[in-house]
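**Q** Turn this into a structure:
(one chain, ligands or ions: 2)
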Amino acid sequence: MTGTFPHTRLRRARATAWSRAMHRETILTPADLIWPLFITEGEGIEEPIDSLPGVSRWSVDLMVERAREAADLGIPCLALFPNTERERRSDDGKEALNPDNLMCRALRAIRDALGDSIGLLTDVALDPYTSHGQDGLLGEDGYVLNDETVEVLVGQSLNQAAAGADIIAPSDMMDGRIGAIRDALEDEGHTNVQIMSYAAKYASAFYGPFRDAVGSRGLLKSDKKTYQMDPANTEEALREVEMDLDEGADSVMVKPGLPYLDIVRRVKETFEVPVFAYQVSGEYAMIEAAVAAGTGDRDALVLETLLAFKRAGCSGVLTYHAAHAARLLHG
Ligand SMILES: NCC(=O)CCC(=O)O
Ligand SMILES: [Mg+2]
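**A** Ligands and ions are numbered 1, 2, ... in the order given. All right, here's what the predicted structure looks like:
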């Protein structure tokens, strides 16, 4: 019971800044942010991504600088994505297994420069490595094969762990991959390498700019609806999360972010485990489009949307605005 007017006036507590600060229920800090970054070949290279204004691909040497910037800002973790050269993409995505691929070189370079002062989360899925842009291997009819793909994802995960990944983040949505990857990590002595499962990843229209960033948009001929989830479903998200937790996921992710906060809330309340969400490229682009159109205030939109993730129950948020938000939070 909140009481009755006029004895109870909820506006009393809102009347001054100090009182609002005192009653604030949710706090956002730089430690809540994970910064997704795109790697490209070369040296001294920054390649701006047209569909993600303000976001660039960085060559490994400059990626080390971004990592240092993040650590200085108090951002605890980076999420790395490679833009693999076209000639290194193949039907079977075998570049994912190359110990000297772009991802592994970036992992080693950041680790050499920064030690353990920042966490490194790596994406496990084949889309940045396949010539068809799907996250897995294709059967003859074009169906993405589950068990055959899981075998490759296990190899990809071990390859990343050997190069220094702290958190393996499978984003592919194959069934059974978390258990298979966990078993392999244990067998190879990577007992402290975490798994953050993209447990409830939806077949969303919000991923377009990301596909430009990793160079798979033009290659992808159909959609990903046979493995990513139907945006209509919520019970199914709980089953996905439960299975991944049973298989050994240390934390789970819901993706996209803002349109799926109801899923975050249900997952948090049901399982009481660390839940992360991905404010994806299309969400970032919408904020930037609003700013460019003069209809939105970037700083306010960034901080309000990120706070909403925390309020919904997230332990943290993957966001392309991470460095900007961290700077705002430092004042
Ligand atoms: N596996 C990572 C993604 O698919 C990111 C999607 C996005 O930012 O749109
Ligand atoms: Mg699953």
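**Q** what about the strands in the stretch 201-331 of the chain?
**A** 251-255, 275-279, 316-319 (DSSP state E, counting those that start in this stretch).
**Q** between the ones you listed, which gets nearest to A113?
**A** Closest approach to A113 among the strands of the stretch 201-331 of the chain is made by strand 316-319 (22.3 Å; C-beta to C-beta). For the C-beta atoms, the positions are set from N, CA and C on the backbone; glycine is no exception.
**Q** So which residues on the stretch 1-150 of the chain come close to ligand 1?
**A** D123, A125 (C-beta under 6 Å from any ligand atom).
**Q** Bridging across strands, which residues link to S251?
**A** Beta-bridge partners for S251, by DSSP bridges, are M196.
**Q** Please list all residues in contact with it.
**A** Taking C-beta atoms under 8 Å, 6 or more residues apart in numbering, we find S251 in contact with Q194, I195, M196, S197, V273, P274, V275, F276, S315.
**Q** ok, now which ones touch the last one?
**A** The neighbourhood of S315, defined by C-beta under 8 Å, 6+ apart, consists of D32, S251, P274, V275, F276.
**Q** quick check, A165 in a helix?
**A** No: with DSSP: H, G, I helix; E, B strand; the rest coil as the criterion, A165 is assigned coil and is not in a helix.
**Q** Can you list the low-confidence ranges for the stretch 1-150 of the chain?
**A** Applying pLDDT under 70 to the stretch 1-150 of the chain flags residues 1.
**Q** about what we covered before: just the closest of the contacts of S315 to ligand 1, please.
**A** Proximity of the contacts of S315 to ligand 1 (C-beta to the nearest ligand atom) peaks at F276, which lies at 12.3 Å.
**Q** And for the closest one, the neighbour number?
**A** 26 (other C-beta atoms under 10 Å).
**Q** what residues does the stretch 151-300 of the chain put near ligand 1?
**A** Residues of the stretch 151-300 of the chain lying near ligand 1 by C-beta under 6 Å from any ligand atom: S171, F206, Y207, F210, V280, S281, G282.
**Q** rerun at 5 Å
**A** The stretch 151-300 of the chain comes close to ligand 1 at residues S171, Y207, F210, V280, S281, as judged by C-beta under 5 Å from any ligand atom.
**Q** would you turn those residues into TSV with pLDDT and distance to T130?
**A** Listed next are these as TSV, based on pLDDT from 0 to 100; distance: C-beta to C-beta, whole Å:
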residue	pLDDT	distance to T130
S171	98	14
Y207	96	16
F210	94	15
V280	98	20
S281	98	19
